[in-house]
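# Give me the fold of what follows.
(one chain, ligands or ions: 1)
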Amino acid sequence: MGSLGTGLVSPATTPPRQVDTIDTLVDTIKSCFYFLRHDASLQNEQQKAVNESKGPSKTENGFRESLNARTRLVQACRLLINALEGPTETSKNMALVDKHSLVSLQTINHYRIAELVPANGDISIEALADKVKLPADTLARILRQAMTYQVFREPRNGYISHTVTSMEIPRLEPLLTYQLEVCLPSSLGLIRWLKQGQEDAIKSPFQVAHHTEDSWWEYAGKRPSLIQGYGRYMELITNGGPHDVSHVVRGFAWESLGEALVVDIGGANGFVSVMLADAFPSLTLMIQDSTNLQEVADATIPAHLKGRVTFTPHSFFEPQKSTSRGADIFLLRHILHDWADEDCITILRQLTQCLKPGASIIVAEQVMSMPGAVDRERERVMRALDMQMMVQFGGKERTLEDWEGLFQRADESLEMVGVVKPDGSADSLIQLKKSSE
Ligand SMILES: C[S@@+](CC[C@H](N)C(=O)[O-])C[C@H]1O[C@@H](n2cnc3c(N)ncnc32)[C@H](O)[C@@H]1O
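Numbers count the residues shown, from 1 in each chain. As a prediction, this is how the structure comes out:
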């Protein structure tokens, strides 16, 4: 594994973020725009050459450069808009204008309106309203607000057709439903949660907003449609991009383990284990999660892997059973950020208590940096995820120092022997061993 702290900037060495002027932003926009335009024509030429078997496809480095240029362009455009609007308009717009885009999108998703609009051509608002049983005038007002965000358009008076943005809504349904119907109300519970004090039983704004003492996991566990919807949401966000499951496969030398047992703690339907089993034939994988995921896990594990990949209902707050105590690796992917420190300590102690000599715990999570240490676009997402952990679970995203402190509190003999952040991944893989070895 790589060295400790790879790619991290400690608070003391984080350089102050440069103040952008309108001139520098316009220069950035121009240079990124020309780069991408040139790059697009290069890609076309390369694709032509590949099609005619004349040359290599675009290199991974080339893709990364385009992605960086695109990110810098988006970031510069966002900053330029802020600079042009001025300080009053920026906050005013967020509070007065943008908030309504969330509820119009929520309504469009809730009533599955995007599925009812034809892919080609248009449909009258009257006909749409009739299908979803809403007053036409109310629906028109909601849709026309969404149109200001390029969600649908009105090609002729009273008729709706798709835009490229609205076309994506059906595919994003699991994300929109979870984020806008479950998490948005939780976010709105933040101030009530802050004011009432964060007593033991009430660990998150989710509990305040949804009038429950259950954690999200207990609450969803009692409501099959919610937990299944959450599973579809996880599948969507971990399929491609910075949280793609392939980063776990590439981020650790699994092949060096030889014949080994990996326990995928809180492994959901087993999609990570299945990918690891496919890539490394000498691994045996045991997925542990709540009983109500047994059925989906059985359906996810393909027949040819059933001998090596199994699902066992088990709570990570309980001691490991004899069948899993001898594991070579306990994998905790996207588990600890859902929980407050005290809960994480309980989870970790259940594993350290039975960690055999030579075995490791691998924690796959984001490692937060100080403000300004990563580009603004990445930081926007990381900070949003941290807030998401706070409002929905009472958990948090952690810096390397936070992780180190947490592991030490769980077990003083626990040592971080490696931290690797695979290229393109938002998550790092932190390997932990007991230091007495
Ligand atoms: C954020 S998901 C992560 C799933 C998977 N590890 C991944 O990488 O996407 C958290 C998982 O923890 C599971 N979980 C919650 N409470 C649990 C408990 N007490 N014991 C075992 N699993 C639990 C949930 O059912 C869910 O599958």
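
# Could you pull out the helices in the stretch 251-400 of the chain for me?
Secondary structure of the stretch 251-400 of the chain (DSSP state H, counting those that start in this stretch): helices at 271-279, 294-300, 322-325, 341-352, 376-393, 400-410.

# tell me what the shortest one is packed against?
I take that to be helix 322-325. strand 283-289 (3 or more C-beta pairs under 8 Å, 6 or more residues apart in numbering; DSSP states H and E). C-betas here are computed from N, CA, C, even on glycine.

# Could you list the paired strands of the strand it packs on along with their orientation?
In the sheet, strand 283-289 lines up against strand 260-265 (parallel), strand 309-313 (parallel) (DSSP bridges).

# got the angle for the first one vs helix 341-352?
Here strand 260-265 runs at an angle of 160 degrees relative to helix 341-352 (axes from the mean of the first three to the mean of the last three C-alpha atoms, to 10 degrees).

# next one: strand 260-265 to chain centre, how far?
Relative to the mean C-alpha coordinate of its chain, strand 260-265 is positioned 23 Å out (C-alpha atoms, centre = their mean, to the nearest Å).

# domain assignment for this structure?
According to automatic domain parsing, the chain is divided into the following domains: 22-89, 113-167, 173-222, 232-434.

# okay, the ones you listed in JSON lines with distance to Ala95 and mean neighbour count next?
Below are these laid out as JSON lines (distance: least, C-beta to C-beta, whole Å; neighbours: other C-beta atoms under 10 Å):
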{"stretch": "domain 22-89", "distance to Ala95": "11", "mean neighbour count": "14"}
{"stretch": "domain 113-167", "distance to Ala95": "15", "mean neighbour count": "15"}
{"stretch": "domain 173-222", "distance to Ala95": "13", "mean neighbour count": "16"}
{"stretch": "domain 232-434", "distance to Ala95": "17", "mean neighbour count": "18"}
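
# out of the ones you listed, nearest to Gln106?
Gln106 sits nearest to domain 173-222 of all these, at 3.9 Å, using C-beta to C-beta.

# List the contacts of the closest residue to the ligand within the stretch 301-437 of the chain.
Residue of the stretch 301-437 of the chain nearest the ligand, by C-beta to the nearest ligand atom: Arg333 (3.5 Å). Applying C-beta atoms under 8 Å, 6 or more residues apart in numbering to Arg333 gives the contacts Val248, Asp264, Gly266, Gly267, Val272, Val363, Ala364, Glu365, Asp427.

# Backbone dihedrals for the fourth one, both of them.
Per-residue torsions, Gly267: phi -80, psi 10 (degrees, to the nearest 10).

# where's Leu432 relative to Asn292, distance?
According to C-beta to C-beta, to the nearest Å, Leu432 and Asn292 sit 29 Å apart.

# still on that earlier bit, also near the ligand: which of the contacts of Arg333, exactly?
Gly266, Gly267, Val272 (C-beta under 6 Å from any ligand atom).

# which of those residues lies closest to Cys183?
Taking C-beta to C-beta as the measure, Cys183 sits nearest to Gly266 out of the ones next to the ligand among the contacts of Arg333, at 19.1 Å.

# Show me what the particular helix or strand that has Ile191 in it is packed up against.
Under the criterion of DSSP states H and E, Ile191 resides in helix 190-196. Where contact means 3+ C-beta pairs under 8 Å, 6+ apart, helix 190-196 is packed against helix 205-209.

# Give the next helix or strand downstream of the helix it packs on.
Counting by DSSP H and E, what follows helix 205-209 is helix 216-221.

# ok, the closest residue to the ligand within the chain to Leu331 distance?
The nearest approach of the chain to the ligand comes at Gly266, 3.1 Å away (C-beta to the nearest ligand atom). As judged by C-beta to C-beta, Gly266 and Leu331 stand 9 Å apart.

# Over to Arg144?
For Arg144, the distance to Leu331 (C-beta to C-beta) stands at 48 Å.

# Give me the residue ranges of the stretch 301-437 of the chain where confidence is low.
436-437 (pLDDT under 70).

# Near the ligand, which residues of it? Just list them.
Selection of the stretch 301-437 of the chain residues close to the ligand by C-beta under 6 Å from any ligand atom yields Ser315, Phe316, Phe317, Arg333, His334, Ile335, Asp338.
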